[in-house]
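In: Okay, predicted coordinates and the sequence, questions at the end:
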Amino acid sequence: MSQPTILQTIVAHKRKEVATRRDLVPVKLLESSLYFKSKPLSLRQYLLRENGSGLIAEFKRKSPSKGWINQYAPVERTTLGYMQAGAAALSILTDAEFFGGKNEDLTIARRFNFCPILRKDFVVDEYQILEAKSIGADAVLLIAAVLTPEEIKTLGSLARSLGLEVLLEVHDGEELARSTNADAVDLVGVNNRNLHDFSLSLDTSLELAAAIPNEFVKVSESGISSAAAIGKLREAGYRGFLLGEAFMRHARPERACAALVQEIAALPKPALIS
């Protein structure tokens with residue numbers, strides 16, 4: 001019998017974790033959160049701003065492939081620094097077991113920032129959508145590699161009914177073809193990381209760009225570390241660029257973000273998308 005992949009291991013653990021959390025924090029309690037009645041910000045709109053950087057700056061303490069990246073980075077200073085540096089939005093890892101995150105990280109970031117916040121986690125259950133809304137998220141991530149098209153439709157529709165936007169993450173053309181659903185998805189993200197060997201290549205985004213319908217805002221994720229790469233991705237039609245490790249491996253991630261934003265400002269402006 002073959003060993004489970006890291007993704008399968010994460011998803012199996014996540015299902016158990018969600019069952020436990022549902023018992024500890026029932027839905028009624030989630031719905032009593034002050035954020036549950038607030039109107040979320042639009043990740044789409046912030047990424048499409050004419051003079052914006054398009055950066056989704058991520059707060060990420062560790063990863064399954066690299067271990068600890070920046071274990072003690074303060075979420076308040078880092079995320080506020082990202083926003084002040086000119087990031088269009090934030091991505092907050094809330095998975096504890098494999099990424100060293102927690103829900104409180106997102107709630108703290110929400111308290112100190114007024115840009116959209118993506119809750120980055122492995123969503124496998126409707127409970128997590130309600131939870132995302134209750135902790136102050138504006139958007140959620142759905143990963144095509146771990147969800148069926150029917151699950152994407154169900155989870156995405158629930159998120160949008162709560163005012164949350166949905167970023168669908170794909171890794172290849174097959175996932176893209178079977179998973180995009182205009183009724184449940186707002187943005188399509190291409191993860192440049194190969195799930196089998198964890199190698200990175202921007203060619204993944206460049207090859208899939210034309211296949212993503214223009215009704216979705218296109219986001220490139222992982223493996224981006226320079227303004228030149230962002231310029232190339234912009235030319236291919238991408239308007240969002242999610243960077244985590246490229247910032248978090250620095251002692252002051254927000255300063256690395258500020259330096260990249262300055263370089264992006266010198267790039268040609270992207271064509272407007274209606």
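Out: That came in fine, so what should we check first?

In: Show me which residues of the longest helix seen in the chain are buried.
Out: Secondary structure of the chain per DSSP state H: the longest helix is helix 6-24. The neighbour-count check on helix 6-24 (16 or more other CB atoms under 10 Å) flags 10-11, 14, 17-18, 21-22 as buried. C-beta: built from backbone N, CA, C; applies to glycine.

In: what do you get for stretch 51-68?
Out: Neighbour-count burial for stretch 51-68 flags 52-63 (criterion: 16+ other CB under 10 Å).

In: Stretch 115-127 now?
Out: The neighbour-count check on stretch 115-127 (16+ other CB under 10 Å) flags 115-125, 127 as buried.

In: Dump it to CSV, keeping only the CA atoms.
Out: The C-alpha coordinates for stretch 115-127 follow below in CSV (Å, rounded to 0.1, in the frame of the first residue of the first chain):
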residue,chain,number,x,y,z
CYS,A,115,-7.8,45.7,3.3
PRO,A,116,-9.4,42.4,2.3
ILE,A,117,-8.2,39.3,4.2
LEU,A,118,-8.2,35.8,2.7
ARG,A,119,-8.5,32.9,5.1
LYS,A,120,-6.0,30.4,3.9
ASP,A,121,-6.8,26.9,5.1
PHE,A,122,-7.9,23.5,3.8
VAL,A,123,-11.7,23.9,3.6
VAL,A,124,-13.5,20.5,3.6
ASP,A,125,-16.7,21.4,5.4
GLU,A,126,-19.4,24.0,5.5
TYR,A,127,-18.6,24.7,9.1
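
In: Would you map the helices across the stretch 101-250 of the chain?
Out: Under the criterion DSSP state H, counting those that start in this stretch, helices of the stretch 101-250 of the chain are mapped to 103-112, 126-134, 149-161, 173-179, 203-208, 227-235, 245-248.

In: To L43, which of the ones you listed lies closest?
Out: helix 149-161 (11.7 Å; CB to CB).

In: so after the longest helix of the chain, what's the next helix or strand?
Out: Using DSSP states H and E, the helix or strand that follows helix 6-24 in sequence is helix 27-31.

In: Report the residue spans of the stretch 101-250 of the chain with pLDDT below the cut-off.
Out: 196-197 (pLDDT under 70).

In: that older thread, just send the helices of the stretch 101-250 of the chain back as CSV, with distance to A258 too.
Out: Below are these laid out as CSV (distance: least, CB to CB, whole Å):
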stretch, distance to A258
helix 103-112, 17
helix 126-134, 28
helix 149-161, 31
helix 173-179, 33
helix 203-208, 24
helix 227-235, 13
helix 245-248, 10
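
In: can you give me the strands in the stretch 51-200 of the chain?
Out: 55-59, 62-63, 67-68, 89-93, 117-120, 139-143, 165-170, 187-191 (DSSP state E, counting those that start in this stretch).

In: On the three-state scheme, R44 is what?
Out: For R44, the assignment made with DSSP: H, G, I helix; E, B strand; the rest coil gives helix.

In: any idea how far A144 is from the residue nearest to it when sequence neighbours are not counted?
Out: Excluding the flanking residues, the one nearest R44 by CB to CB, 6 or more residues apart in numbering is V217, at 5.1 Å. Per CB to CB, to the nearest Å, V217 is found 16 Å from A144.

In: cool, H13 as well?
Out: Counting by CB to CB - H13 and A144 are separated by 19 Å.

In: Check R77 too.
Out: Separation of R77 from A144 (CB to CB): 34 Å.

In: Neighbour count for these two, which is higher?
Out: A144 (25 against 13; other CB atoms under 10 Å).

In: who touches that one in this structure?
Out: Contacts for A144 (CB atoms under 8 Å, 6 or more residues apart in numbering) come out as 152, 168-171, 175-176, 178-179.

In: what do you get if the cut-off is 6 Å, keeping everything else the same?
Out: Taking CB atoms under 6 Å, 6 or more residues apart in numbering as the criterion, A144 is in contact with 170, 175, 179.

In: Skipping adjacent residues, who's closest to the last one in space?
Out: Setting aside the residues directly before and after it, S179 is nearest to A144 in space (CB to CB, 6+ apart), at 4.0 Å.

In: L208 now?
Out: Excluding the flanking residues, the one nearest L208 by CB to CB, 6+ apart is V190, at 5.1 Å.

In: gap between that neighbour and I212?
Out: V190 is 8 Å from I212, by CB to CB.
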